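Undergrad: quick one: sequence plus predicted model below, questions after.
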Amino acid sequence: MQDIPKDFRAGYTALIGRPNAGKSTLMNSLLDIKLSIISPRPQTTRRQVFGILNSEMAQIVFIDTPGLLKPKYQLQKKMMEYVDAALNDADLLLLLIDVTAKYHPQDIDLKKINPKQLPVILLLNKVDLLPKQDLLPLIDTYRTFYPFAEIIPISALKEDGLQSLKDSLVERMPFAPPYYPPDVLTDQPERFFVAELIRERIFRSFYQEVPYSTEVLIEEFKERKKGKDFIAATVIVEKRSQKGILIGKNGETLKKIGSDARREIEKFLGREVYLELRVKVQEDWRKNDLKLKRLGF
């Protein structure tokens with residue numbers, strides 16, 4: 001094992017914010033790899049996603065979290081439990097605000113969700129869509145809402161301001177040895193990301209309630225020395241009508257989802273796969289604790 005410098009820094013940084021603030025895009029951009037799935041629809045992220053940024057002098061473990069919301073059913077309660085767990089583990093919080101949205105930091109009760117009084121860096125995201133003359137007044141306004149450790153304008157999608165953010169994060173990490181080996185990018189297994197990539201294709205293919213009523217379960221994952229890896233996945237839905245929509249006429253819709261997901265999975269794994277998809281109805285799974293537990297929530 002390589003020698004760790006005495007002044008090495010390591011810590012956990014939780015990404016929090018409203019749905020669609022850009023948390024997943026930010027983590028992917030910081031790591032230069034796609035770990036969190038992204039769609040134009042809010043509430044795409046349902047669980048914690050860990051991403052690890054390694055350098056010679058520091059290791060930052062990012063925790064991407066579901067968007068902050070008031071839970072209306074059991075799945076959303078589980079999602080907010082993931083946020084609470086991330087806040088409990090973190091050394092630092094990154095609060096993302098979409099500057100094009102109509103909400104403000106005061107809409108999020110930081111004193112309530114941050115009882116440990118961790119340092120909070122406010123990230124003003126999507127500033128590329130904001131007129132330049134509006135930025136400084138906006139920063140001045142946000143300073144009155146909460147004693148932020150720092151306010152940094154960024155564009156997660158355009159990757160503007162990210163080097164400045166990385167430098168600031170390293171300086172704020174505690175002195176500690178790394179938590180993970182330097183070649184590790186995440187602690188989640190490949191199965192997790194395969195399921196997420198399939199779910200991403202569903203979120204990008206449907207609107208209204210259908211994508212929110214789906215979950216993906218990996219039934220088989222066989223790596224083969226010769227030929228393609230075999231992956232069998234089940235898409236869970238709440239209603240028979242949703243099953244019909246997902247499958248489509250003569251199975252064409254499900255075939256298209258599978259084809260698009262397979263390409264993304266192969267890109268992520270770096271090898272060819274054979275993906276088998278089927279759809280199964282589990283009524284009201286989002287509202288049932290036992291069914292949620294069986295699905296890994």
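TA: Cool, got the structure.

Undergrad: for this protein, just list every one of the strands.
TA: 9-17, 49-54, 58-64, 92-98, 120-125, 150-153, 215-222, 229-237, 273-281 (DSSP state E).

Undergrad: remind me what the last one packs against, helices and strands.
TA: Same thing as strand 273-281. Packing partners of strand 273-281 (3 or more C-beta pairs under 8 Å, 6 or more residues apart in numbering; DSSP states H and E): strand 229-237, helix 240-247, helix 252-269. Where C-beta positions appear, they are placed from N, C-alpha and C, glycine not excepted.

Undergrad: where does the stretch 1-150 of the chain dip in pLDDT?
TA: Low-confidence segments of the stretch 1-150 of the chain (pLDDT under 70): 1-2, 103-106.

Undergrad: quick revisit: save the strands of the chain as a markdown table, and put in mean neighbour count and distance to K72 too.
TA: Output for those, formatted as a markdown table (neighbours: other C-beta atoms under 10 Å; distance: least, C-beta to C-beta, whole Å):
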| stretch | mean neighbour count | distance to K72 |
| --- | --- | --- |
| strand 9-17 | 23 | 19 |
| strand 49-54 | 21 | 23 |
| strand 58-64 | 24 | 22 |
| strand 92-98 | 23 | 22 |
| strand 120-125 | 23 | 26 |
| strand 150-153 | 18 | 32 |
| strand 215-222 | 16 | 17 |
| strand 229-237 | 20 | 19 |
| strand 273-281 | 16 | 22 |
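
Undergrad: dump these into CSV; add distance to T141 as well.
TA: CSV is the format used below for the strands of the chain (distance: least, C-beta to C-beta, whole Å):
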stretch, distance to T141
strand 9-17, 17
strand 49-54, 31
strand 58-64, 27
strand 92-98, 11
strand 120-125, 11
strand 150-153, 10
strand 215-222, 40
strand 229-237, 44
strand 273-281, 48
